[in-house]
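Novice: sharing a sequence plus its predicted fold:
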Amino acid sequence: MVAEGNGGALIHARGLTKRFGSFTAVDAVDFDVQRGESFGFLGPNGAGKSSTMRMIGCVSPFDDGVLRILAMDPATDGPTIRGRLGVVPQEDTLDVELTVRENLLIYGRYFDLPRSVVRERADRLLEFVQLDHRANDRVEPLSGGLKRRLTIARALISEPELLLLDEPTTGLDPQARHAVWDRLYRLKQQGVTQVLTTHYMDEAEQLCDRLVVMDNGKIVAEGTPRDLITRYSTREVLEVRLPAAETTAAVTRFDGAADRVEVLPDRVLLYAHDGEAALSAVHALGVKPDFALVRRSTLEDVFLHLTGRSLTD
Amino acid sequence: MSSASVRSLQSWAYRYKRTWRGSAVSSVLQPVLFLAAMGLGLGSLVNRGHSRSLGGVSYLVFLAPALLAAAAMQTAAMEAAWPVMAAVKWLKTYDAMLATPLRVRDILAGHLTWIGVRILMVCTVFFVVMAAFGAIKSPEAVFLIPVGLLTGLAFAAPIAGYAVTLERDSGLTALFRFGVMPMFLFSGTFFPVSQLPVGLRPVAYITPLWHGVDLCRHLALGEASFLGSIAHVAYLLAWFVGGCLIANATYRRRLVQ
Ligand SMILES: Nc1ncnc2c1ncn2[C@@H]1O[C@H](COP(=O)(O)OP(=O)(O)OP(=O)(O)O)[C@@H](O)[C@H]1O
Ligand SMILES: [Mg+2]
């Protein structure tokens, strides 16, 4: 049965709820993911991102609401749906005793692909994630970045229509992150629909066409990265660090200098269309910040506005 | 068996390829050492005494088929204990499988079948070593291999069902210390259960190992009765089937959250 009015969405969720005992990890969330788009779940630790991903991945039953994946019902068509998904879980589940290539061969067999097809795809995918030179090395000693790329290659062995990535770059160094982003961007160009979670703002801005911000199991905002920034932040942000004594009084003092002021433990953020103008206004108040920086607004600011907390806390 | 469980079975075979040499050596060495030390060495003392309580055969002939059943149990327990815990907890092998079209029951069936293959390997090697020691006295002894398999599976299924529930492996250490080891020693393997204190005999009789041991011993000597054999097989099957049902439930509870 195809849920009505979902316009052919690959994923259609309404009131989707997950409980662990009396605790509600995912609290009646609504979202649709269209074919070809990159859709993100952005949120801090414990927001319910992985729980949502596991429900989408048809490995975790949901307690309430509606969920349709590829127009099928996870409760009854789990194996069929999973056969058309590629999953990169938050924690690597590679077979560390085996070689890079063997990991792909074994995984491909779970999808009932003929051996010859799996072998051919394995070679192609190892090239794609630039691991072909390590094909016959054991997985165990590989760096986190290489393991992550192997996990991505493994998720692609069934040529999935929908790729689920749970924190694809958490814990990777900047170079490794960029390598992963680059591969994901190429996949997007090839038309692979991607759903990913992250708590990195820059990652969400880089990779997502559209995203939802999750907090405490709820979706608190939805839109394109640009939308969200326009809606919940200002064009620019002035960050200043003040002598400790002056910080608490900053909110009221700076009222006129910016549209909105956020006081963080270590700095004060002034949201304004024109950051330089805000800085002049601050100077005009006779305040000499220890440090001042004008930058463009990011999703971090959106999150801060929506939840009153900083994501990286 | 579904084709899906066959596919997950293949993955265990793949992993085994990395370690098969060591495991092959020990599955030959184990029976050779045991039969030489206990069967021949200790046996030479036993045979000098009253071997009538052994049914009038040499200690080697008495011991060897029972040891085959015990080896099946030990292989099953080893393969179903830590590897299952590793697959669910440390290496997350099961999680990787679950993200594919495989279902929980395919994963369980595939793993148990693989354990069955391992038991079969061990029993076959054991049988050959037994023959080399001249411990086979009857053509019926070929049934030792399938009976060994069944004895092993009667342990593998419930142990896998238990191992999948654990958070720490102290539960497995306890299982070996208080379950597998005492069974190995007291379920009629090394001496007849009739030598045990009367009160303890029923305990030995309810262990699946005793049924495997008794059936193997009778088969090896060519003295197995049809009804007696059926009863032993039925008892072992009940443990296997019951174990599978329990494991199916515990696997589901642990893996589907
Ligand atoms: N199997 C489980 N049993 C009980 N509680 C769980 C289980 N899995 C998750 N939770 C709880 O549900 C909440 C949401 O967890 P989830 O893993 O979905 O968060 P997340 O957004 O992915 O966080 P992170 O960024 O840390 O990965 C957390 O409070 C977590 O402790
Ligand atoms: Mg998570």
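Specialist: Everything's here; your move. Ligands and ions are numbered 1, 2, ... in the order given.
Novice: for chain B, what lies in contact range of ligand 1?
Specialist: B:Gln257 (CB under 6 Å from any ligand atom). Every C-beta, even on glycine, is put in place using the N, C-alpha and C of the backbone.
Novice: how far does the helix or strand bottoming out on mean pLDDT in chain B sit from its chain's centre?
Specialist: Ranked by mean pLDDT, DSSP states H and E, the weakest helix or strand in chain B is helix B:43-48, scoring a mean of 81. On the basis of CA atoms, centre = their mean, to the nearest Å, helix B:43-48 sits 27 Å off its chain's mean C-alpha point.
Novice: and the most centrally placed residue in chain B, which helix or strand is it part of?
Specialist: The centroid of chain B falls nearest to B:Met73 when counting by CA atoms, centre = their mean (2.1 Å). Assessed by DSSP states H and E, B:Met73 sits inside helix B:59-85.
Novice: can you tell if the next helix or strand after that helix touches chain A?
Specialist: Later in the chain than helix B:59-85, the nearest helix or strand by DSSP H and E is helix B:93-98. Yes - among the residues of helix B:93-98, B:Thr93, B:Asp95, B:Ala96, B:Met97, B:Leu98 lie within reach of chain A under CB under 8 Å from any CB of the partner chain.
Novice: which residue, other than its chain neighbours, is closest to A:Leu306?
Specialist: A:Val220 (4.9 Å; CB to CB, 6 or more residues apart in numbering or on different chains).
Novice: wait, is that neighbour part of a helix?
Specialist: No - with the criterion set as DSSP: H, G, I helix; E, B strand; the rest coil, the secondary structure at A:Val220 is strand rather than a helix.
Novice: alpha carbons only: can I get whichever strand or helix holds A:Asp30 in CSV?
Specialist: In this structure, A:Asp30 sits in strand A:23-33 according to DSSP H and E. The C-alpha trace of strand A:23-33 is given here as CSV (Å, rounded to 0.1, in the frame of the first residue of the first chain):
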residue,chain,number,x,y,z
PHE,A,23,11.4,6.8,27.6
THR,A,24,10.4,8.3,24.2
ALA,A,25,13.5,8.5,22.1
VAL,A,26,11.7,9.7,18.9
ASP,A,27,8.6,11.7,19.6
ALA,A,28,6.0,11.8,16.7
VAL,A,29,8.3,13.1,13.9
ASP,A,30,7.0,13.9,10.4
PHE,A,31,9.3,14.0,7.3
ASP,A,32,9.4,13.0,3.7
VAL,A,33,12.5,12.3,1.7
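Novice: residues in contact with it?
Specialist: Contacts of strand A:23-33 with the rest of the structure, by CB atoms under 8 Å, 6 or more residues apart in numbering or on different chains, involve A:6-7, A:9-19, A:39, A:48, A:51-52, A:55, A:62, A:64-65, A:162, A:193, A:195, A:212, A:214, A:216-219, A:222.
Novice: mind checking which of the residues you listed are buried?
Specialist: A:6, A:9-14, A:16-18, A:39, A:48, A:51-52, A:55, A:62, A:65, A:162, A:193, A:195, A:212, A:214, A:217-219 (16 or more other CB atoms under 10 Å in any protein chain shown).
Novice: quick one: contacts for B:Asn47?
Specialist: Residues in contact with B:Asn47 (CB under 8 Å, 6+ apart) are B:Ser58, B:Tyr59.
Novice: err, A:Ala135, not the other one
Specialist: By CB under 8 Å, 6+ apart, A:Ala135 lies in contact with A:Thr99, A:Val100, A:Arg101, A:Asp123, A:Leu126.
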